[in-house]
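Engineer: Show me how the following folds:
(one chain, ligands or ions: 1)
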Amino acid sequence: MDLFRKTALVTGGATGLGFEIASLLLEKGMIVWICGRSRPSLLSAQSKLSSPYVFIQQCDISNPAQVAEMKKQIGHVDVLINNAGVWCDLPLEDTSIDQISQTVQVNLLGTIYVSQAFFSSMKTKGEGIIANISSALGVHTRKHVSVYSASKFGVRGFTESLRDELKGTGIRVFGWYPGGMKTGLFEHAGQGRDMTGYIDAKDMAKLFVSMLEVPQEMTIETCVAGRTE
Ligand SMILES: NC(=O)c1ccc[n+]([C@@H]2O[C@H](COP(=O)([O-])OP(=O)(O)OC[C@H]3O[C@@H](n4cnc5c(N)ncnc54)[C@H](OP(=O)(O)O)[C@@H]3O)[C@@H](O)[C@H]2O)c1
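Structural biologist: Below is the predicted model of the structure:
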């Protein structure tokens, strides 16, 4: 898609990967909305991005009423990037009910609510991109991430079925499955870690944005981008 002067929504765009994606989309001449729960974090990102084309919307994507309000405020978007997510890396027996429900509600249900709210106007226009950021842990898993992996495998199933559902409408649906990146994801969950060897989120964002620019007749439906071992 030619991104110039098109509109994008990046959920979780105030920090980490979402921030780097938002920054590159602005460089491409897009009008960019970023959303998240924390207003101070959104204001700080808006000031760092320093562009008249970046707009903020406070929204908890796990709350369908807030998602409906966000849709009302933003209107049509050409590119939806479902990036917002939370981390959970614990043995199941040590995972609280709140951690389980937050992980599934944000990572999986939030992605579904936002997609449902925004895709119908893309359908009317006959063009659009929905790009869902899952995780390499949404493709292969390991111990202690059962809840996180369940949410991200769920995103994969949602992405692949929605892609089939929207074939022929002009809406392309991409699934993005990154490996470990140097962001605040782990710290934000109170589970900080050594990120030596992790990928720079800016490098991941560059690869991601190049996928959005492929011509309509070409598709990169699924990309698993990890670090070399
Ligand atoms: N970092 C990695 O190693 C890695 C690897 C694979 C996949 N991922 C995925 O990449 C995506 C981006 O994560 P990141 O690494 O950039 O971490 P991050 O900096 O923590 O970004 C997550 C963003 O999501 C937002 N968010 C969380 N809950 C939300 C909610 N209920 N409603 C709206 N926004 C919400 C956060 O803002 P607020 O807290 O203000 O709401 C934050 O801006 C996530 O989906 C993550 O699962 C990350």
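Engineer: Give me every residue in the chain lying close to the ligand.
Structural biologist: Contact residues, the chain versus the ligand (C-beta under 6 Å from any ligand atom): 11-12, 14-18, 35-38, 41, 59-62, 83-86, 106, 110, 133, 135, 178, 180-181, 183-185, 188. The C-beta positions use only the backbone N, C-alpha and C, and glycine is treated the same way.
Engineer: okay, and the helix or strand of the protein with the least pLDDT?
Structural biologist: strand 222-225 (a mean of 87; mean pLDDT, DSSP states H and E).
Engineer: Parallel or antiparallel, list what pairs with that strand.
Structural biologist: Using DSSP bridges, the strands paired with strand 222-225 are strand 171-178 (parallel).
Engineer: what residue of the protein is the furthest out?
Structural biologist: The centre of the chain is farthest from one residue, Glu93, which by C-alpha atoms, centre = their mean lies 28.5 Å away.
Engineer: Look at that residue and tell me its secondary structure.
Structural biologist: helix (DSSP: H, G, I helix; E, B strand; the rest coil).
Engineer: which helix is the longest one in the protein?
Structural biologist: helix 146-165 (DSSP state H).
Engineer: Low-confidence regions, this structure specifically.
Structural biologist: Along the chain, segments meeting pLDDT under 70 span 228-229.
Engineer: wait, what's in contact with the spatially most central residue of it?
Structural biologist: Taking C-alpha atoms, centre = their mean as the criterion, Asn83 is the residue nearest the geometric centre of the chain, at 1.3 Å. Going by C-beta atoms under 8 Å, 6 or more residues apart in numbering, Asn83 touches 10-13, 17-18, 21, 133.
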